[in-house]
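S.K.: Return atomic coordinates for the entry below.
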Amino acid sequence: MLPAAVLWDMDGTLVDTEPYWMDAEFELAEEFGGTWSHEHALHLVGNDLLESGHYIREHMGIDVTAARIVDLLLDKVVAQVEQRVPWCPGAVELLDSLALSGVPCALVTMSYTRFVAPILANLPNGTFRAIVTGDEVTLGKPHPEPYLTAAALLGVDPTHCLAIEDSNTGATSADRAGCQVLVVPNHVPVAPGPRRTFAESLVGLDLGSVWRQASISGRG
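M.R.: Predicted structure coming up:
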């Protein structure tokens, strides 16, 4: 018993790039004479990039447009990913297992295409049959549009999909779309919910067991 498809968040779920983003934010504050904190950085985990740009402009106190902030952050983070992709433990192994089982996967991320590209370059072609990025949707997470779009691209009912997330923002997007959600918290705590099943790690994950548990709790 497996889901019809698995829809993957990226930052903090597939790759542990949140520290890259946080480092880039502090560098930006230093460059433009702003102020920043770890608490502000955690507030942005899982958010739409342009919304994050507006938040940074306001709370960092710098006179830079939100769009320009996003571009500057992407420049910094892409450069780091091109040097090393920090895979989350168990993520690549789970992708391999899903491929062997014939379960299609989609990537659903609020990061932009140019940041996603060097990560995908380190995976076999066709690992993700659909890719939804933050620069391709009208409304980002926590709106359900990203996950609804991914399910539609795969031609599956979102209620038959398992989303893998690490943040409240992403989990809210997925469960609003009707997906069951496997939450693997990373940098921020995630609240429980009727469609949310929790795991400490993707290492050695029995996806069949997770899907059965998620389906039961979802009906409850």
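
S.K.: make it CA atoms for all contacts and neighbour counts henceforth
M.R.: Fine.

S.K.: Please name every helix or strand in contact with the lowest-mean-pLDDT helix or strand in the chain.
M.R.: The helix or strand of the chain with the poorest confidence is helix 207-219; it has a mean of 79 (mean pLDDT, DSSP states H and E). Applying 3 or more CA pairs under 8 Å, 6 or more residues apart in numbering; DSSP states H and E, one finds that helix 207-219 contacts strand 180-183, strand 196-198.

S.K.: hey, C-alpha coordinates of it in CSV?
M.R.: Provided in CSV are the C-alpha atoms of helix 207-219 (Å, rounded to 0.1, in the frame of the first residue of the first chain):
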residue,chain,number,x,y,z
LEU,A,207,6.9,4.3,3.3
GLY,A,208,4.1,1.7,3.3
SER,A,209,3.8,1.9,7.0
VAL,A,210,3.8,5.7,6.9
TRP,A,211,1.1,5.8,4.2
ARG,A,212,-1.1,3.4,6.2
GLN,A,213,-0.7,5.5,9.3
ALA,A,214,-1.3,8.7,7.4
SER,A,215,-4.5,7.3,5.8
ILE,A,216,-5.9,6.1,9.1
SER,A,217,-5.1,9.4,10.9
GLY,A,218,-6.5,11.4,7.9
ARG,A,219,-9.8,9.6,8.1
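
S.K.: Outside of it itself, list whatever touches it.
M.R.: 1-3, 162, 180-182, 194-197 (CA atoms under 8 Å, 6 or more residues apart in numbering).

S.K.: quick one: the nearest residue to Ser111 once chain neighbours are set aside and Met60, what's the gap?
M.R.: Of all residues not flanking Ser111 in the chain, Gly134 sits nearest, at 5.3 Å (CA to CA, 6 or more residues apart in numbering). Per CA to CA, to the nearest Å, Gly134 is found 22 Å from Met60.

S.K.: still on that earlier bit, just name the most buried of the helices and strands packed on helix 207-219.
M.R.: Across those, averaging neighbours per residue (mean count of other CA atoms under 10 Å) puts strand 180-183 on top, at a mean of 28.
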